[in-house]
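# Sharing a sequence plus its predicted fold:
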Amino acid sequence: MLLHIPNVLTAEQVAECRRQLDAADWIDGRVTAGHQSAKAKDNAQLPEDSPVARQLGQMIVAVLERNPLFAAGALPLKIFPPLFNRYAGGQSFGNHVDNAIRQVRGSQGEPTQQWVRTDLSATLFLTGPDEYDGGELMIDDTYGSHSVKLPAGDLVLYPSTSLHRVQPVTRGARVASFFWIQSMVRDDGQRTLLFDLDLAIQHLGADAAGHPALVQLTGVYHNLLRRWADAS
Ligand code: NI
């Protein structure tokens with residue numbers, strides 16, 4: 001499932017991110033790419049142990065933890081500390097699939113014993129579509145190729161199993177945060193069913209509050225979640 005989550009950040013939060021990112025030291029983005037994807041990747045990135053990245057990342061995670069659409073769609077167990085990238089001057093990222101497992105780095109960049117299985121990939125747009133040309137995130141699934149270019153502050157979630165790429169940025173700069181989520185429900189099909197059921201229950205709750213079938217359906221939701229989820 002490809003899920004667009006609007007207004008994850010307010011305009012003020014986006015502006016604060018941009019202010020700090022504009023003043024930060026950027027490095028070659030190939031540092032976090034796997035062996036294969038390094039060949040396809042051409043962008044700039046903040047180092048994982050950069051204080052700016054850590055601070056803004058913590059702010060983004062805190063905001064997401066209060067976002068009900070993110071909670072329902074991702075059923076998050078672990079969120080990899082958000083990273084930041086920038087594409088300009090024709091830079092792009094060719095076709096690739098994200099690494100399956102990510103090791104979390106400590107505050108000095110040292111490896112920790114924390115690992116995140118990447119079930120979902122997230123891109124949080126920090127520049128608006130009018131600020132750059134190109135830079136579309138192209139995500140392939142069984143229904144074809146989807147082009148994603150969202151307003152600043154909006155986020156897209158997609159299965160990390162997807163083949164995807166970022167088109168060359170031919171004008172301006174595309175700045176974004178990107179990270180991964182280990183979901184309590186590993187399988188995208190099961191997670192999508194739970195999300196659809198959750199939305200349907202919420203609509204019924206609004207339109208037919210007090211109907212006894214709502215209790216039954218909510219029970220079905222939780223019993224499926226119990227069957228499919230891992231909480232650790
Ligand atoms: Ni990727």
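Cool, the structure landed.

# for the chain, longest helix please?
helix 188-207 (DSSP state H).

# Buried ones in it, by neighbour count?
D188, Q190, R191, L193, L194, F195, L197, D198, I201 (16 or more other C-beta atoms under 10 Å). Glycine gets a C-beta too; all of them are placed from N, C-alpha and C.

# do the same with stretch 44-64
By 16+ other C-beta under 10 Å, the buried positions in stretch 44-64 come out as 44-48, 50, 52-54, 56-57, 59-60, 63-64.

# And stretch 218-232, by the same measure?
For stretch 218-232, burial by neighbour count (16+ other C-beta under 10 Å) applies to Y221, L225, W228, A229.

# Now find how far off-centre it is within its chain.
Its chain's C-alpha centre and that of stretch 218-232 lie 23 Å apart, by C-alpha atoms, centre = their mean, to the nearest Å.

# Pull the residues that contact that stretch.
The contact list for stretch 218-232 (C-beta atoms under 8 Å, 6 or more residues apart in numbering) reads L75, L77, M184, V185, R186, D187, Q190, L193, L194, L197, D198, I201.

# Kindly reformat those residues as TSV containing pLDDT and distance to V8.
As requested, the contacts of stretch 218-232 are arranged in TSV below (pLDDT from 0 to 100; distance: C-beta to C-beta, whole Å):
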residue	pLDDT	distance to V8
L75	98	17
L77	98	19
M184	98	20
V185	98	21
R186	98	24
D187	98	25
Q190	98	24
L193	98	24
L194	98	21
L197	98	23
D198	98	19
I201	97	23
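
# Out of those residues, which is nearest to A100?
Nearest to A100 among those is R186, at 11.2 Å by C-beta to C-beta.

# show me the residues around the closest one that make contact.
Neighbouring residues of R186 by C-beta under 8 Å, 6+ apart: R117, D119, D230.

# same check, this time on L77
For L77, the contact set (C-beta under 8 Å, 6+ apart) comprises I181, Q182, S183, M184, D230, A231, S232.

# how would you label it: helix, strand or coil?
What DSSP: H, G, I helix; E, B strand; the rest coil gives for L77 is strand.

# what do you get for the one 4 residues further on?
Secondary structure for P81, judged by three-state DSSP, is coil.

# Not counting sequence-adjacent ones, nearest residue to it?
The shortest distance from P81 to any non-neighbouring residue, by C-beta to C-beta, 6 or more residues apart in numbering, is to G57 (4.7 Å).

# Understood, closing this out.
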